[in-house]
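*Asks:* everything below, folded, please.
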Amino acid sequence: MKVYELKKEQFLNISLDKAWDFFSSPKNLKEITPDYLGFKITSKNLEDKMYAGQIISYIVKPILGIPIRWTTEINHVDDKKYFVDTQIFGPYTLWHHKHFFEEHNDGVLMTDIVHYAMPLGFLGRIAQRLFVKNQLEAIFAYREQITEKLFNNDQNNV
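*Replies:* The predicted structure is shown next:
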């Protein structure tokens, strides 16, 4: 199994408390996900704040508008430092996403590290090269643009 890594860093001009409050709420996921993915949380009674052991279910439409069910678990949470989610069921053979938050100068350095593997062996590796890698890059670029607008355009955020 070939495991791929995607790493992204972004500086947010806000306090650690504000960054943590936003990103640790599963209800904000839709806001930072491109509309074309048709992202919808299907979990019932979703809590405002994540916790270790929390299960979150979604529907996404990454290919030709075909809905795919995706379920992740929040495995680890260290308040205002990091959290980790992993796929229980979904489109990947492996999905392990670490989110780190570090106070830095007058804001927060946010780092995402995703390790993932594709199903279907050789066909999955071809899909990775042809579109999956680019789609993941585009999703994280979108997140960066949205969070830039939300947090870095107002000097009163810190």
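*Asks:* can you pull up the bridge partners for residue 12?
*Replies:* Beta bridges link residue 12 to residue 108 when assigned by DSSP bridges.
*Asks:* so who does it touch?
*Replies:* By Cβ atoms under 8 Å, 6 or more residues apart in numbering, the contact set of residue 12 is 19, 107, 108, 109, 110, 147, 151, 152. The C-beta positions use only the backbone N, C-alpha and C, and glycine is treated the same way.
*Asks:* which of these are buried, as a ChimeraX select command?
*Replies:* To isolate the buried ones among the contacts of residue 12 in ChimeraX, judged by 16 or more other Cβ atoms under 10 Å, type:
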select :19,107,108,110,147,151,152
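*Asks:* and the contacts of residue 12 as TSV, adding pLDDT?
*Replies:* Listed next are these as TSV, based on pLDDT from 0 to 100:
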residue	pLDDT
19	97
107	95
108	97
109	97
110	97
147	96
151	93
152	87
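*Asks:* list just the nearest of the contacts of residue 12 to residue 37.
*Replies:* Using Cβ to Cβ, residue 147 comes nearest to residue 37 of the contacts of residue 12, at 16.7 Å.
*Asks:* which strands or helices does the strand or helix carrying that closest one pack on?
*Replies:* Using DSSP states H and E, residue 147 maps to helix 133-151. For helix 133-151, the helices and strands in contact under the criterion 3 or more Cβ pairs under 8 Å, 6 or more residues apart in numbering; DSSP states H and E are strand 3-12, helix 16-23, strand 107-117.
*Asks:* may I see the buried residues of the longest strand seen in the chain?
*Replies:* As assigned by DSSP state E, the longest strand anywhere in the chain is strand 66-78. Buried positions in strand 66-78, judged by neighbour count with 16+ other Cβ under 10 Å: 70, 72, 74, 77.
*Asks:* same check, this time on stretch 35-51
*Replies:* In stretch 35-51, counting by 16+ other Cβ under 10 Å, buried: 37, 38, 39, 46, 50.
*Asks:* now the residue lying closest to the third one once chain neighbours are set aside. Its backbone dihedrals?
*Replies:* Which is residue 39. Leaving aside its chain neighbours, residue 39 sits nearest to residue 33 (4.2 Å; criterion: Cβ to Cβ, 6 or more residues apart in numbering). Torsion angles at residue 33 (phi, psi; degrees, to the nearest 10) stand at phi -120, psi 130.
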